[in-house]
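[1] output the structure for:
(2 chains)
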Amino acid sequence: MMKIQVLFGTESGNAEVAAEDLAESVRNDSQEVEVQDLSSFSISELQHDSMYVFLCSTYGEGDLPNTALPFYADLSVVRPDLSGMRYAMFGLGDTFYTETYGHGATKLDDKLTELGAQRVGEIGRYDASTWEPVGECAVAWFAGVLEDVSAVR
Amino acid sequence: MDTPLSIAVIGSGPSGCYIAQSLRRSFPQSEITIYDRLASPFGLVRYGVAPDHQSTKSIQSQFARLFERENVRFAGNIEVGRDISLDQLRNTHHIVVLAAGLPGDRPVGVPGEDLPEVYRAGRLTRLFNAHPLEQTGVPKLGKSVAIIGGGNVSIDVLRMLIKQPEDFVNSDIDDAVLADYVRAPAGRIDLICRSTITNAPSDPVMLAELGRIQGVRFSCPDPIEVAEGAPRTALARAKAVEGLLAIDPGTETRVEVALHFGWAPVSINGDGHVRNVELRSVNDDRRNLHLDADSVVTAVGFDFDDGDWHGLGALKANLESGAMDHGLYRTGWIKRGSRGTIAENRSCAKAVAEEIVASVDALQRQTKPGYGGLPDEVRARAVDYSAWKRVDAAETEAAPGDRSRRKFPSHEHMVAIAHNKLVQTSAGTGAN
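    I've put the predicted structure just below:
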């Protein structure tokens, strides 16, 4: 079983809630899961034998949340070779912001892909305007991603 | 040092909930109680965020977890200074964190501000949100209203005043207040922002949203262009204003809205009643303007009052540290002043929690009983989280079909529901 690393970038804390729920839903005796704030995670810790799950909100004019900016900046400057790394991406946004809805996750996804990492599954999307519980939405999405992963094996 | 740590947080708005979240993580064994003078938790998310911006209010579900899963106690209906003193709280808890926000709207500081038709934005926001401690009755706004202030609160007020009842679907607006206003709605509104479009403190999306409201004609006599290479927010704001100006409701026009950028109020004039507002160009490049107005709404931020905060003297903002005294801290607006969004109060709470963690060894030398050490009569009046859930359920149930909830505008009524006392009263009078 590969290790699952859940990394979140948040402004208001909703991505953190979603990250914890998601981790809880897949954690069991044989599945190692770790949750970390992107602001306290260094790109030098990225491993190729882990599965990464990013949960990322959007801020301002379609920007990454402040807590994710250092990580994103490091990726852009250092440009590590991420080929072989697999990840899934979940974006939190609000369709009230019609033009920039969920752009934070999209930007992070583009960067990871550009550096050679391989995304599994579609980008998950959560719209705060729906009042759906964000945790349930993330859990359901990730269950789908894991099915896709086992299907291609 | 194995004494369980007892922590009191004063105020259950975003800042209080965020600091409780952080402290729960750092001290999982501690006993945390969040006190609030209201019977409901969540503070400004519930009563400050506009009733038609429900997606912002959805952050409440994050805070609800504190009480539902993380063993944090809610003690509503307890006012520090009335039901209990700050000293009592400090004597019974190792750590007390003030997260009570800021009490009042900041004055604009111009002559005429004491005329009867000059209102504070905080009052209007609380009214439309059915705040239980706000005096009732919609102020007399008249046919033309001048709003002083260019931030998001001023745009909230503008939006409330130009919407029609059908625009509030799925909101939790106070319908009695709304009905009162729409009997004599404003026909002209001037929004006066001291900054230019480039530097205005408003969120461009908030401006753009105004364009979705039917029957409004916008004008802006000031330059709209922003310099090339201006920050993206400034470009987006200019684009939003251009979008508003392009709307032509023709004969359907119900209300005219004029946006003024780069104008500062000089005075509010009138003989016993508001007649007009005089404005000065902040760049001194144009002659003073006189705008006719029947009423003025001021929305220029919130501030510390000069009073004695429960024996602590007059408070001033401190951007560096949340520490105030041995075991006494503050976070959010009561620490930094009324700048910043909900998200910025989260990072503020994290920083203050780190300060607390760094100093905790020195605080834990004696046993402090926490909530259990408060007098019986104080604990008897407290509204705990399960009691609040009864109010929550009653509000949701009372909502008309096109509203998300109907907030009860009476504090006593909310407390009665919370304490399960309403049923007996109704049965006694034969009411339904």
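[2] tell me how many other residues crowd the residue of the stretch 1-150 of chain B found nearest chain A.
    Residue of the stretch 1-150 of chain B nearest chain A, by Cβ to the nearest Cβ: B:Ser55 (4.3 Å). Every residue, glycine included, has its C-beta placed from N, CA and C. Neighbour count for B:Ser55, taken as other Cβ atoms under 10 Å in any protein chain shown: 16.
[3] same thing with B:Ile417?
    22.
[4] was I right about it contacting B:Arg390?
    Yes: B:Ile417 lies in contact with B:Arg390 (Cβ atoms under 8 Å); the separation is 5.6 Å.
[5] get me the contact residues on chain A for chain B.
    Contact residues (Cβ under 8 Å from any Cβ of the partner chain) of chain A with chain B: A:11-14, A:17, A:59-61, A:65-66, A:94, A:96-97, A:128-129, A:131, A:133-134.
[6] pLDDT score for the residue of the stretch 301-432 of chain B found nearest chain A?
    Proximity of the stretch 301-432 of chain B to chain A (Cβ to the nearest Cβ) peaks at B:Ala343, 3.6 Å away. B:Ala343 is assigned a predicted lDDT (pLDDT) of 91.
[7] leaving out the residues flanking it, which one is nearest to it?
    Among residues not flanking B:Ala343 along the chain, A:Glu11 sits closest, at 3.6 Å (Cβ to Cβ, 6 or more residues apart in numbering or on different chains).
[8] isn't that neighbour right next to A:Ala68, touching?
    No: applying Cβ under 8 Å, one finds A:Glu11 not in contact with A:Ala68, separated by 9.3 Å.
[9] the two: which is more packed in?
    A:Ala68 (29 against 24).
[10] which non-adjacent residue is nearest the residue of the stretch 101-250 of chain B found nearest chain A?
    Going by Cβ to the nearest Cβ, chain A is nearest to B:Arg232 of the stretch 101-250 of chain B, at 4.6 Å. Nearest residue to B:Arg232, sequence neighbours excluded (Cβ to Cβ, 6+ apart): A:Glu61, at 4.6 Å.
[11] that neighbour and B:Asp203 touch, don't they?
    No: using Cβ under 8 Å, A:Glu61 is not in contact with B:Asp203; the gap is 9.6 Å.
[12] quick check: the residue of chain A nearest chain B.
    Closest point on chain A to chain B, by Cβ to the nearest Cβ, is A:Glu11, at 3.6 Å.
[13] and that residue, its phi and psi?
    phi -110, psi -40 (degrees, to the nearest 10).
[14] before we move on, back to that, quick check on the residues of chain A next to chain B: which are buried?
    Burial by neighbour count, 16 or more other Cβ atoms under 10 Å in any protein chain shown: within those this picks out A:11-14, A:17, A:59-61, A:65-66, A:94, A:96-97, A:128-129, A:133-134.
[15] tell me the centre residue of chain A?
    A:Phe54 (1.2 Å; Cα atoms, centre = their mean).
[16] surely it is in a strand?
    Yes: A:Phe54 forms part of a strand when assessed by DSSP: H, G, I helix; E, B strand; the rest coil.
[17] bridging residues for it?
    Beta-bridge partners for A:Phe54, by DSSP bridges, are A:Leu7, A:Met89.
[18] only alpha carbons, please: show stretch B:295-302 as CSV.
    Output in CSV follows, covering the C-alpha atoms of stretch B:295-302 (Å, rounded to 0.1, in the frame of the first residue of the first chain):
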residue,chain,number,x,y,z
SER,B,295,-30.2,60.8,4.7
VAL,B,296,-26.6,59.6,5.1
VAL,B,297,-25.2,56.2,5.9
THR,B,298,-21.6,56.1,7.2
ALA,B,299,-19.6,53.0,6.5
VAL,B,300,-16.0,53.9,7.3
GLY,B,301,-15.0,51.0,9.5
PHE,B,302,-15.3,50.1,13.2
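[19] what distance separates that stretch from the centre of its chain?
    Between the centre of stretch B:295-302 and the centre of its chain there are 13 Å (Cα atoms, centre = their mean, to the nearest Å).
[20] for chain A, what are the nearby residues on chain B?
    So chain B meets chain A at B:18, B:21, B:53-56, B:58-59, B:61-62, B:65, B:204-205, B:209, B:232-233, B:236, B:342-343, B:346-347 (Cβ under 8 Å from any Cβ).
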